[in-house]
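Chemist: This is a predicted model, with the sequence first.
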Amino acid sequence: MGGEFELRIDFDDIMRQAAAFDAAPEVVADEMMAAMQASLDVIEAEVVVRTPAVIGVLRGGIADEIHGDPPDFYGEVIAGGPGAIYGWPVERGRAAGRMPPLDNIEYWVKRKKLDWKDGQGQQMSSRRMAYIIAVAISRGQTRHQKKGGAKMFEEGLRSAGPHVERLWEGAVEAIAGRMTV
């Protein structure tokens, strides 16, 4: 899929309903917008629970956005806020190569309160632990690198897909129900 994840919904049934009820396009728009927001909520929840969290910056920045107005609109779930800069490397994994900045890793080590001992049983400094972790990252040896990333968006979307399909089927039924009242 080339780095992007999509879930396509066939709007043909909704559009047929809309054409049949030209007198009430606001009903169609309301139900489509409600289905879109409910879909994004489900997808976002699935992504959030799969997002690795140490201090929660990336997880806390997962958000959804709706662009445009029904029927010409789309929604997306994104990594926003301060964690946006590393959302993609977490999703897909960081390639081996240059060592990451030690200061960021040392901060993470301190937040995690890691307690490592060297070969002689001596407590390692947080800087030494950060260096060891940075070397592992630069060599592509972390769990997420070996797995090809956390894949929180990909797996979250896959998990949410059946529920999202039901939401849109329900939107068609809701439109029909509101039109017969």
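Modeler: Arrived safely.
Chemist: Could you list which residues are in contact with residue 140?
Modeler: Contacts for residue 140 were tallied using C-beta atoms under 8 Å, 6 or more residues apart in numbering; they are 94-96, 146. (Each C-beta comes from the backbone N, C-alpha and C, glycine too.)
Chemist: Show me those that map onto strands.
Modeler: Among the contacts of residue 140, no residue falls in strands (DSSP state E).
Chemist: Quick one: distance of stretch 151-159 to the chain centre.
Modeler: 7 Å (C-alpha atoms, centre = their mean, to the nearest Å).
Chemist: mind listing what's buried in it?
Modeler: Residues of stretch 151-159 classed as buried by neighbour count (16 or more other C-beta atoms under 10 Å): 151-157, 159.
Chemist: Pick the one among those closest to residue 106.
Modeler: Taking C-beta to C-beta as the measure, residue 106 lies nearest residue 152 of the buried residues of stretch 151-159, at 25.0 Å.
Chemist: Not including adjacent chain positions, what is the nearest residue to that closest one?
Modeler: residue 50 (3.8 Å; C-beta to C-beta, 6 or more residues apart in numbering).
Chemist: Do I have it right that residue 115 meets residue 126?
Modeler: No. If you go by C-beta atoms under 8 Å, residue 115 and residue 126 don't touch, sitting 10.1 Å apart.
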